[in-house]
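> Pasting a predicted model and its sequence here:
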2 protein chains.
Amino acid sequence: MFEKKLRLDALYDFYGKMLTEKQNEIMQYYCIMDYSLGEISELLGISRQAVHDTIKRTEKILENYEEHLSLYRRFSEKQERFEQLNALVEAYEKDFDKKIFESIKTLIKLEID
Amino acid sequence: MFEKKLRLDALYDFYGKMLTEKQNEIMQYYCIMDYSLGEISELLGISRQAVHDTIKRTEKILENYEEHLSLYRRFSEKQERFEQLNALVEAYEKDFDKKIFESIKTLIKLEID
């Protein structure tokens, strides 16, 4: 559940600009300000069920963008690669091993090609 | 003109999956196979004007995606950063200057944060 919310927050971060004003309003409360369905319902004067339905529908839209464009997946992979690169640079700094330096070079070159 | 076509090719590469089948068909001929409007018109049995209009309309759709999601701009910037990183690594390999090594570390850390 927690993982699912984190994923939704991230997808909203990447694709929020593609949503309608109405969807955006609810998702801002839900994803950025972390309001509960009840709180959003009260704030906007609509039923809890309507809030729930909009979030579910918007989640599907965001997942559809991700399925086609993979912004979130690519971003996560990029983060991983840079963390790997960072670990290598730190290891190299410790004992200046030529092999480690070659790995750093290779990783960087892979990104350019 | 040439620059504009290159940009369109790149945008199609990034956002092509978001287009309809019909738009995709024409854009594949135009962007990937580099056919002329006349050739596409002949192949699909539609007027040259219809091909032209579909490409123009699709270009607007692709630019709209780019305006909101910036995949192409982010990709270009990423490429630049890695080329910079690569140049630094090559410079460091030449004279093992500690300052250059620090720049490499900083650039990598910037990407992670």
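Sure, I can see it.

> ok, residues contacting the helix ranked longest in chain A?
Assignment by DSSP state H gives helix A:71-95 as the longest helix of chain A. Residues outside helix A:71-95 that contact it (CB atoms under 8 Å, 6 or more residues apart in numbering or on different chains): A:7, A:10-11, A:14-15, A:65-66, A:97, A:100-101, A:103-104, A:107-108, A:111, B:69, B:71, B:78, B:101, B:104-105, B:108-109, B:111-112. Quick note: C-beta positions are derived from backbone N, CA and C, even for glycine.

> Buried ones only from these, please, as a PyMOL command.
Buried residues among the contacts of helix A:71-95 (16 or more other CB atoms under 10 Å in any protein chain shown), as a PyMOL selection:
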select buried, (chain A and resi 10+11+14+15+65+66+100+101+104+107+108+111) or (chain B and resi 69+71+101+104+105+108+111)
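
> Could you chop chain A up by domain?
Structural domains annotated on chain A: A:2-69, A:73-112, as defined by automatic domain parsing.

> gap between the two ends of the first one?
Using CA to CA, to the nearest Å, the end-to-end distance of domain A:2-69 comes out at 24 Å.

> how far does the worst-scoring helix or strand of chain A on mean pLDDT sit from the chain's center?
Scoring the helices and strands of chain A by mean pLDDT, DSSP states H and E places helix A:98-112 at the bottom, with a mean of 89. The chain centre lies 27 Å from the centre of helix A:98-112; the measure is CA atoms, centre = their mean, to the nearest Å.

> Kindly report the same for stretch A:31-40.
The chain centre lies 18 Å from the centre of stretch A:31-40; the measure is CA atoms, centre = their mean.
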